[in-house]
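Student: Would you be able to build a 3D model of this:
(one chain, ligands or ions: 5)
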Amino acid sequence: YVLKRSLNSLEYVASLVERVTRNRQIKALVVDDSESSLTIIRHYLARQKITAICTKSPVDALAILEQEKDIQLVLSDHEMPHMSGVEFVTQIRKKHRKEKLAIIGISGSEDKTLVAHFLKSGANDFIPKPFSYEEFLCRVTQNLQMLDLIKETLYVSNTDYLTGLYNRRYFFESGQVLLQEAAVANQSSYLAVIDIDYFKRINDQFGHDVGDLAISFLARTMQTFFASELVARIGGEEFVILFHRQEKNEILDVLEQFRAHIEQTPFQLPGAASANHDGRLAITVSIGCASGNGDLHALMKVADLRLYQAKKAGRNRLVA
Ligand code: GH3
Ligand code: MG
Ligand code: MG
Ligand code: MG
Ligand code: MG
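Tutor: Ligands and ions are numbered 1, 2, ... in the order given. Next up, the predicted model:
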């Protein structure tokens, strides 16, 4: 019975590992001055389909961490020549945050205070030696799941659900940073605000679902037109582009091309709605564009004012 229970829980953990590792290759860095420990850990990680980069030297490990950008997990021994595990973790944490890189200390030391030392220096977890495969599996999996959860949470809090674009929150947070960086480099920044024309009519005439399709269509087009710029949905049918480039004429050209493209490219309506309208519907957008230094809200204000002018002047146009 005990064996069966233990097998069941192993299966359960293994299925969790499968979920965590399914869609990508996970890379771990293992540091231990004992050859036999390295062999066991490498073997256990291989059973979880995790690629292990193994070294006996914490100094080499720090260098490897700088080269290999996609390492998600570090497993570190404590008693090693030249640098202790705790010191190694302290060094790593000067550059790599806990939320992106999980570190697990592993040691057979008699010193009962070692666990706390590891955790205080920035390790996410600790596994005492000797350990069973089951315990190893549980700890590794939980730590990888935690990284996934944090990544997912960040994605959700920064992304607009309907379009997959960055949302208002991300835009104002990161946009302000970009603007300040540009100001420090003595460069002005360009911001465009885009709003769909007569959007309420689309909702009224075709329903909210079709309105959503129009918003998604516009978002996709923006992603292709402005692939290397910061593009976000900041309101219902209101979008922004913060340009990384400085050439004013280039920016105005591509905005004008975008406006014309939207006007000339009707999007596909779904079944019922398409019957009366050749299956396709064209929308137009109005755009306000402004340049400024340092203050995103001030820049927004000017761009918004120009958007309003574009609307007042008859819509489907760019005011800069
Ligand atoms: P204007 O040319 O002056 O911009 O006219 P408009 O009708 O587009 O006016 P406005 O920009 O004020 O319209 C915004 C409308 O967008 C109001 C709201 O009902 C609708 N809306 C906001 N968010 C969503 C959404 O996620 N989906 C859909 N379908 N409609 C939305
Ligand atoms: Mg050792
Ligand atoms: Mg309006
Ligand atoms: Mg509108
Ligand atoms: Mg609007």
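
Student: what pLDDT, on average, does the helix or strand hosting Lys27 get?
Tutor: Of the helices and strands defined by DSSP states H and E, Lys27 is found in strand 26-31. Mean per-residue pLDDT for strand 26-31: 97.

Student: and what of stretch 249-263?
Tutor: On average, the pLDDT along stretch 249-263 is 97.

Student: Flag every buried residue along it.
Tutor: If you call a residue buried by 16 or more other CB atoms under 10 Å, then stretch 249-263 has these buried ones: Ile251, Leu252, Val254, Leu255, Phe258, Arg259, Ile262. Every C-beta, even on glycine, is put in place using the N, C-alpha and C of the backbone.

Student: want to throw these into JSON lines with distance to ligand 4 and secondary structure?
Tutor: Formatted as JSON lines, the buried residues of stretch 249-263 follow (distance: CB to the ion, whole Å; DSSP: H, G, I helix; E, B strand; the rest coil):
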{"residue": "Ile251", "distance to ligand 4": "22", "secondary structure": "helix"}
{"residue": "Leu252", "distance to ligand 4": "21", "secondary structure": "helix"}
{"residue": "Val254", "distance to ligand 4": "21", "secondary structure": "helix"}
{"residue": "Leu255", "distance to ligand 4": "17", "secondary structure": "helix"}
{"residue": "Phe258", "distance to ligand 4": "16", "secondary structure": "helix"}
{"residue": "Arg259", "distance to ligand 4": "14", "secondary structure": "helix"}
{"residue": "Ile262", "distance to ligand 4": "13", "secondary structure": "helix"}
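
Student: Out of the residues you listed, flag the one nearest to Val240.
Tutor: Leu255 (12.0 Å; CB to CB).

Student: residues in contact with the residue nearest the centre of the chain?
Tutor: Nearest residue to the geometric centre of the chain (CA atoms, centre = their mean): Tyr155, 5.3 Å. Listed by CB atoms under 8 Å, 6 or more residues apart in numbering, Tyr155 has no contact partners.

Student: how about it, secondary structure?
Tutor: Secondary structure assignment for Tyr155 (DSSP: H, G, I helix; E, B strand; the rest coil): helix.

Student: re earlier: how about the buried residues of stretch 249-263 in a markdown table, adding distance to Tyr170?
Tutor: Converted to a markdown table, the buried residues of stretch 249-263 look like this (distance: CB to CB, whole Å):
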| residue | distance to Tyr170 |
| --- | --- |
| Ile251 | 22 |
| Leu252 | 26 |
| Val254 | 22 |
| Leu255 | 22 |
| Phe258 | 21 |
| Arg259 | 25 |
| Ile262 | 24 |
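
Student: which pair in those spans the largest distance?
Tutor: Within those, two members stand farthest from each other by CB to CB: Ile251 and Ile262, at 16.8 Å.

Student: Would you agree Gln187 falls within a strand?
Tutor: No. Secondary structure assignment places Gln187 outside any strand; it is coil (three-state DSSP).

Student: and the stretch 51-200 of the chain, which of its residues are near ligand 5?
Tutor: Asp195 (CB under 5 Å from the ion).

Student: As a check, name the ranges of all strands in the stretch 51-200 of the chain.
Tutor: With strands called from DSSP state E, counting those that start in this stretch, the stretch 51-200 of the chain shows them at 71-76, 102-107, 125-128, 166-167, 189-196.

Student: okay, those strands in CSV with mean pLDDT and mean neighbour count next?
Tutor: Formatted as CSV, the strands of the stretch 51-200 of the chain follow (pLDDT from 0 to 100; neighbours: other CB atoms under 10 Å):
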stretch, mean pLDDT, mean neighbour count
strand 71-76, 98, 23
strand 102-107, 98, 24
strand 125-128, 97, 17
strand 166-167, 97, 20
strand 189-196, 97, 24
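
Student: Just tell me which of those strands ends up closest to ligand 4.
Tutor: strand 189-196 (4.3 Å; CB to the ion).
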